[in-house]
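Engineer: coords below, sequence missing:
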């Protein structure tokens, strides 16, 4: 499950031209490119089980893969990657929005380019959703981006209140289910009673979907893909209670000046790093204890189930904070910054890399006829290979060009003018080339 997949960032913006235009390479903050690039590894790791099996299996691998090795591998992915990096991507979207608004304000130019930018992203997302993979995040990001635009002049206090209020809604919904179960226990308990005929029908339907994605015509696949996309993305409450609060958090944090002066905030980053790691690990550990040791009854919301949901929800921002702060601390060391810069190349062309991941992986499982046959354990193999290739390819591409191919298209359509693709060498823009040494 990404703008901002390619948003410009800057630490200081003196004497900017008054005409709205894409950011120059020397205006970027390396740390945000690096964060976005590393987050793409988390994204492909979490998404891989959606490339090799139907949507139904994505949300419950035991529908198809019941082996201990696959379940162990999926629990590892859930603890380390799942939800953590989409949290980080959503946060970075808010950061990118704040940067673009601040650049426009300092230039004294209109921000009318931003709705156009989101419109182009929305179109790209629909193409990605309907023609490549149902699990797209671009459509949701674009739609929530229009809402975020309404907050560009809101105070920090207002932004924080809305972020906490919407995030709290994520907590209230399962709490409501738990309260409901106390007043209506019988229907929920009955719903958990296994039905052999229903289970057989469900298994047959799942195999039918697998056969479509693995052996069906492209038209049949597109039809099934559209059905999966529409089913899994409606109602869009996930965007409002999960994605949008993280947008607001990114907007809020950028305004505090942390990214603009990492060294001055080093003590704070250390504290947040350790706090995020501690809370995240403890929360995920309890969720695993509930799932595999205490084992609350399925089909009914119990207090144990509720604590498991709370812990899962807590671990996402906690570990995302840990990952982000760890990178923000590491880049302050010249040696580590040089080592991490290749990930920044991946992040600078993240839109291209994100869609390429979907394109390559969906066709890989189709052409090899492995769709629906290999589970989470074997998913690590294509994950490492595909992402591992994207690092040197991104470094090489950006040594010759200013933007990734889709970033170039996005910018050109946004500004209504063909952008120069060839890289203009600048003495201050040689770090990625140095990273290859």
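Structural biologist: Yep, it's here. Keep in mind the model is a prediction, meaning the values are calculated, not measured.
Engineer: tell me how far stretch 136-155 is from the chain's mean position?
Structural biologist: Centroid separation for stretch 136-155 versus its chain: 15 Å, with CA atoms, centre = their mean, to the nearest Å.
Engineer: typo on my end, it should be stretch 206-214
Structural biologist: Mean-position distance between stretch 206-214 and its chain equals 27 Å (CA atoms, centre = their mean).
Engineer: Residues touching it, excluding its own?
Structural biologist: If you take CB atoms under 8 Å, 6 or more residues apart in numbering as the criterion, stretch 206-214 is touched by 53-54, 56-57, 63-64, 220-221, 224, 365-366, 369, 371-372. Just so you know, the C-beta spots here come from the backbone N, C-alpha and C atoms, and that holds for glycine as well.
Engineer: Most neighbours among those residues, please name it.
Structural biologist: Neighbour tally across the contacts of stretch 206-214 (other CB atoms under 10 Å): the maximum, 26 neighbours, falls on residue 53.
Engineer: Contacts only, for it.
Structural biologist: By CB under 8 Å, 6+ apart, the contact list for residue 53 reads 61, 64-65, 210, 371-372, 375.
Engineer: out of those residues, which one sits closest to residue 388?
Structural biologist: residue 375 (20.9 Å; CB to CB).
Engineer: So the nearest residue to the closest one once chain neighbours are set aside: helix, strand or coil?
Structural biologist: In this structure, residue 375 finds its nearest non-sequential neighbour in residue 65, 3.5 Å apart by CB to CB, 6 or more residues apart in numbering. At residue 65 the chain is in coil, as set by DSSP: H, G, I helix; E, B strand; the rest coil.
Engineer: so how many other residues sit close to residue 65?
Structural biologist: A count of nearby residues for residue 65, using other CB under 10 Å, gives 23.
Engineer: Does it touch residue 71 like I think?
Structural biologist: Yes: with contacts counted by CB atoms under 8 Å, residue 65 reaches residue 71, the gap being 7.5 Å.
Engineer: which residues do those two both contact?
Structural biologist: What both residue 65 and residue 71 touch, as defined by CB under 8 Å, 6+ apart, is the set residue 376.
Engineer: Could I get the pLDDT score of the most centrally placed residue in the chain?
Structural biologist: When CA atoms, centre = their mean is applied to the chain, the residue found nearest the centroid is residue 86 (2.7 Å). Listed pLDDT for residue 86 reads 94.
Engineer: That one belongs to a helix?
Structural biologist: Yes: the assignment for residue 86 (three-state DSSP) places it in a helix.
Engineer: From residue 39, how far out is it?
Structural biologist: Distance of residue 86 to residue 39, computed by CB to CB, to the nearest Å: 8 Å.
Engineer: ditto for residue 212
Structural biologist: Using CB to CB, we find residue 212 at a distance of 31 Å from residue 39.
Engineer: Compare these two (neighbour count), which wins?
Structural biologist: Between residue 212 and residue 39, counting by other CB under 10 Å, residue 39 is the more crowded of the two (28 against 17).
Engineer: pLDDT score assigned to the more buried one?
Structural biologist: pLDDT, residue 39: 95.
Engineer: now residue 79
Structural biologist: At residue 79, pLDDT is 93.
Engineer: Kindly report the same for the one 3 residues further on.
Structural biologist: In the predicted model, residue 82 carries a pLDDT score of 93.
Engineer: returning to that earlier point: ok, of the contacts of residue 53, which one's closest to residue 273?
Structural biologist: Distances from residue 273 to the contacts of residue 53, taken as CB to CB, are shortest for residue 61 (31.1 Å).
Engineer: so how many other residues sit close to the nearest residue to the closest one once chain neighbours are set aside?
Structural biologist: In space, and not counting its chain neighbours, residue 61 is closest to residue 74: 5.1 Å by CB to CB, 6+ apart. As a burial measure, residue 74 scores 20 neighbours (other CB under 10 Å).
Engineer: Then the one 5 residues further on?
Structural biologist: Using other CB under 10 Å, residue 79 has 19 other residues around it.
Engineer: correct me, but it touches residue 288?
Structural biologist: Yes: the criterion here is CB under 8 Å, and residue 79 meets it with residue 288 at 7.4 Å.
Engineer: And the residue nearest to residue 61, how close does it get to residue 49?
Structural biologist: Distance of residue 74 to residue 49, given as CB to CB: 7 Å.
Engineer: Between those two, which contacts overlap?
Structural biologist: 61, 375-376.
Engineer: Show me just the buried residues among those.
Structural biologist: When the shared contacts of residue 74 and residue 49 are checked for burial by 16 or more other CB atoms under 10 Å, the buried set is 61, 375-376.
Engineer: and which of those residues is nearest residue 180?
Structural biologist: Set against residue 180, the nearest of these by CB to CB is residue 61 (27.6 Å).
Engineer: For residue 215, see how far away the closest one is.
Structural biologist: Distance from residue 61 to residue 215, counting by CB to CB: 22 Å.
Engineer: sorry, back to before: hang on, the residue nearest to residue 61 in a strand?
Structural biologist: No: checked against three-state DSSP, residue 74 lies outside a strand; its state is helix.
Engineer: Show me which residues of stretch 407-425 are buried.
Structural biologist: By 16+ other CB under 10 Å, the buried positions in stretch 407-425 come out as 407-415, 419.
Engineer: Could you work out the most separated pair of these?
Structural biologist: Comparing every pair within the buried residues of stretch 407-425 by CB to CB identifies 407 and 415 as the most remote, at 12.5 Å.
Engineer: Run through the strands of the stretch 151-300 of the chain in chain order.
Structural biologist: Taking DSSP state E, counting those that start in this stretch to define them, one finds no strands in the stretch 151-300 of the chain.
Engineer: so where is the stretch 51-200 of the chain shaky, pLDDT-wise?
Structural biologist: Across the stretch 51-200 of the chain, the ranges flagged by pLDDT under 70 are 184-195.
Engineer: again, only using 90
Structural biologist: Within the stretch 51-200 of the chain, the ranges that satisfy pLDDT under 90 run 59-60, 100, 102-113, 168-200.
Engineer: Now do the helices in it.
Structural biologist: With DSSP state H, counting those that start in this stretch applied, the stretch 51-200 of the chain shows helices at 55-58, 68-80, 84-107, 113-131, 138-149, 156-183, 185-191, 196-215, listed in chain order.
Engineer: which one of these lies closest to residue 276?
Structural biologist: Using CB to CB, the helices of the stretch 51-200 of the chain put helix 84-107 closest to residue 276, at 10.0 Å.
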